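>>> No letters, just coordinates:
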């Protein structure tokens, strides 16, 4: 039998469904109504994926530079005054309170030197002034104050520019008038720092005096003794030693007579303040950008986590399909 | 079309095709009748899932019939295993009695269910290779090869019988 003859013979075998079966199927169709259509899992999944993609796209639009995010416009400003000053020493700057103001004085009462004891008294002041010309004027005035109080400038170093300036001045002022000097110097500008150091020299002066007295007694004894060569040498040594000690004591007392007052004058450096973002009035839908951004972040995370899971699920689906097909083939090859 | 009327029309129109397919697939007329009834019951339950864009009504009904038949084969295999343990004899198959020559019927009994299925789909129901392949879950070329081998096997059996 040839292939066409075989196919013809096979096509002749067309059994028709029995009447009983036909009747049964008709009854099924007429009697029963199909159950209501259920919502499958594919459409919600596709909808969710589309929503996630839309959210990710919206987030990308919002997050991309130059798209939607308001830019802060920088307007550089120079602050000349109102700089923060040290606590308790801070006084308003010269812009608010003019230099040479009587109110501009030392913020803290400084310890005064003792009038009865020899002391090394040192004080330093840091003053802030408005500009370079104020610094120059204050330096001149400081020298005048020192000279008026019987003192003198030990060193003066002034550097003045157009808007800024600085000066370092060391004044020697009689110790008895140092309080007045500090008060008058403090009025030259805004005090931003003060320092005082007091070292007592009286104990050393007293010890030197006692040593001189002892040496003088020995010298007197030596002078009353017979004048031998050794004795003459001793008298000369004692006299020299006493003179040295007396010179040293005098020098110490001389140095203690004047106090050293250091004065640092300066102007505030122009400071760039941190630019403030310009407040822009935004519309009622501005918050949508933030919402889209958060939704986009969530969508990106969902995609990052969901994509490997989806790939795994697809691979599992392929594997189970293949296994099922092989089982079917095995089953049908035996039946 | 996804309504009761649509189902009724489709069932009426393709009942014979489904029945023929099952007769060829199982090789047993009574069994095919039972499975056809079960097929249309299941098809009624699943009718809302039918999508005309994915295939014709006939193909979809045959797919449902195939699932029903495969379930039957699986349960038969389990039953046979149990009966093999109990040394029970294999029940005799109902003859097809559909106008085939005795030689051809004997040759057909030599084919496996898978081979009979592809002959039924391609020759009896006259499905194209793509539809038959989609239904079997294989490629069209694989489907054609399987049909060719089945027909070769039939020709060889008929030659031996002659």
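All right, it came through fine. No experiment lies behind these values; they were computed from the predicted model shown. Residues are numbered from 1 along each chain as shown, chains lettered A, B, ... in the order given.

>>> mind listing the strands for the stretch 51-200 of chain A?
A:78-79, A:119-128, A:152-160, A:165-174, A:190-200 (DSSP state E, counting those that start in this stretch).

>>> next one: chain B
Applying DSSP state E to chain B gives no strands.

>>> per the record, what domains does it have?
Here the domain parsing of chain B from automatic domain parsing is B:1-98, B:99-162.

>>> would a markdown table of those domains with mean neighbour count and mean pLDDT be doable?
(Glycine included, C-beta is placed from N, CA and C.) Shown next, in a markdown table, are these (neighbours: other C-beta atoms under 10 Å in any protein chain shown; pLDDT from 0 to 100):
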| stretch | mean neighbour count | mean pLDDT |
| --- | --- | --- |
| domain B:1-98 | 17 | 83 |
| domain B:99-162 | 17 | 87 |
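
>>> Adding distance to residue A:282, write those out as CSV.
Below are these laid out as CSV (distance: least, C-beta to C-beta, whole Å):
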stretch, distance to residue A:282
domain B:1-98, 48
domain B:99-162, 57
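
>>> Adding distance to chain A, write these out as a markdown table.
As requested, the domains of chain B are exported to a markdown table (distance: least, C-beta to the nearest C-beta, whole Å):
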| stretch | distance to chain A |
| --- | --- |
| domain B:1-98 | 4 |
| domain B:99-162 | 3 |
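
>>> Residue B:148 is nearest to which of the strands of the stretch 51-200 of chain A?
Evaluated with C-beta to C-beta, the strands of the stretch 51-200 of chain A place strand A:78-79 nearest to residue B:148, the distance being 93.9 Å.

>>> rank the strands of the stretch 51-200 of chain A by mean pLDDT and give me the bottom one.
Among the strands of the stretch 51-200 of chain A, strand A:78-79 has the lowest mean pLDDT, at a mean of 36.

>>> per-domain residue ranges of chain A.
Domain segmentation of chain A under automatic domain parsing yields A:45-69+A:287-329, A:119-267.

>>> Now the residue nearest to residue A:201 when sequence neighbours are not counted: phi and psi?
Leaving aside its sequence neighbours, residue A:201 sits nearest to residue A:118 (C-beta to C-beta, 6 or more residues apart in numbering or on different chains; 4.2 Å). Backbone dihedrals for residue A:118, given as degrees, to the nearest 10, come out at phi -80, psi 120.

>>> What separation is there between residue A:14 and chain B?
Between residue A:14 and chain B the distance is 6 Å, computed by C-beta to the nearest C-beta, to the nearest Å.

>>> from memory that residue sits against residue B:20, does it?
Yes: contact criterion C-beta atoms under 8 Å: residue A:14 and residue B:20 qualify, at 6.1 Å.

>>> what residues are shared contacts of those two?
residue B:124 (C-beta atoms under 8 Å, 6 or more residues apart in numbering or on different chains).

>>> so who does residue 138 touch?
You didn't pick a chain, so chain A it is. Shown in contact with residue A:138 (C-beta under 8 Å, 6+ apart): A:99, A:127, A:129, A:167, A:188, A:189, A:265.

>>> Hmm, no, I was thinking of chain B.
A:325, B:146.

>>> from the contacts of residue A:138, which is closest to chain B?
Nearest to chain B among the contacts of residue A:138 is residue A:129, at 89.5 Å by C-beta to the nearest C-beta.

>>> In terms of helices and strands, where is the residue of the stretch 1-150 of chain A found nearest chain B?
With C-beta to the nearest C-beta, the shortest gap between the stretch 1-150 of chain A and chain B falls at residue A:29, namely 3.6 Å. Element membership for residue A:29 (DSSP states H and E) is helix A:19-31.

>>> one step back: among the contacts of residue A:138, who's most crowded?
Using other C-beta atoms under 10 Å in any protein chain shown as the neighbour test, the contacts of residue A:138 are led by residue A:189, with 30 neighbours.

>>> Could I get the pLDDT score of the one residue in the stretch 151-300 of chain A that gets nearest to chain B?
Closest residue of the stretch 151-300 of chain A to chain B, C-beta to the nearest C-beta: residue A:299 (29.8 Å). Note on residue A:299: pLDDT of 94.

>>> residue contacts, it?
A:52, A:53, A:55, A:56, A:59.

>>> just the residues you listed that are near chain B?
Checked against chain B using C-beta under 8 Å from any C-beta of the partner chain, the contacts of residue A:299 give no members in range.
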